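Q: Sequence first, predicted coordinates after that:
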Amino acid sequence: MELQRCAWCDYDELYRYYHDYRWGKPLFDNHDLFRMLCLEGMQAGLSWYQILQREAAYAEAFEQWDIHKIAQYDERKRAQLLQNPGIIRNRLKINAIIENAKAYERMQAEGINFTDFLWAFVNHQPQINHFATLAEVPTQTVISQQMSKSLKQKGFRFVGPTICYAFMQATGMVCDHLTTCPQHPDNHPKSY
C-alpha cells in the first residue's frame, strides 16, 4: 500500500508542514493547550487554514498568549484588537479569548491543572483511530460533547462540541490521521 498524506492538507506547504509536524502530536503544556483551544474557537465558521495563516499575528496581538495579561484586557484593549487587520476582527471571538483567559485563571485558583483537566477526557492517553477515509472521521463525539459542556460550565466560550473535537485532533488527544497516511502511528510509531 502506498502511503499518502491526509488529503485535506495537500494544497499548500504551510498546511503540509502543519499536518506533518504538529497536527495530532500530543500537547501536554498548559500554555500550548490554551493557545490551541482559543485558536480552534477562532475557526468557527471559517477554515482552519485561515487561522493557521494568522497564527503569528494572533500570538503578537495576544502578547504571545500570556494568559494573565489577556485576562486583564479592558475595553480599550478590546477596541484595539478589533482594529487589528492580522486577526479575525469579530467582537464575540475576541471577547471569547479574554473570557477564556479569565476562566483559565479561575481554574488555576481552584487548583485545577488545565492539562490534567483536558487530558482526563481521554484517560490521559491519545486515542488512536483507524479511519481509512475522511468520510469516516466524525466532527464530534460523545467525549467532545462532554468536554464542551465542562468547559462551558467553567466559563469558556467558543468551545462547542465540534470545536472541542477539532481541538482534540489538533492536540493529539485523538489521532485522526488516516490509516493510509505516513503520520498515522501504525505507519510512524515514533510519533506517539
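A: Done, it's in.

Q: quick one: the helices in the protein?
A: 13-21, 30-42, 48-53, 55-61, 67-70, 75-82, 91-109, 114-119, 142-153, 161-170 (DSSP state H).

Q: Would you mind finding the most buried of those?
A: With neighbours taken as mean count of other Cβ atoms under 10 Å, these reach their highest mean count in helix 161-170, at a mean of 23. Every residue, glycine included, has its C-beta placed from N, CA and C.

Q: and that helix with helix 142-153, angle?
A: 110 degrees (axes from the mean of the first three to the mean of the last three Cα atoms, to 10 degrees).

Q: To Thr180, which of the helices of the chain lies closest?
A: Closest to Thr180 of these, according to Cβ to Cβ: helix 13-21, at 13.4 Å.

Q: List the contacts of that closest one.
A: Helix 13-21 is contacted from outside by Arg5, Cys6, Trp8, Cys9, Asp10, Tyr49, Leu52, Gln53, Gln183, using Cβ atoms under 8 Å, 6 or more residues apart in numbering.

Q: confidence score at the fifth one?
A: It stands for Asp10. We have a pLDDT of 80 for Asp10.

Q: who's in contact with Ser150?
A: Each residue near Ser150 by Cβ under 8 Å, 6+ apart is listed here: Phe117, Phe121.

Q: Any figure for the gap between it and Leu92?
A: 21 Å (Cβ to Cβ, to the nearest Å).

Q: Could you do Asp10 as well?
A: Applying Cβ to Cβ, the value for Asp10 to Leu92 is 32 Å.
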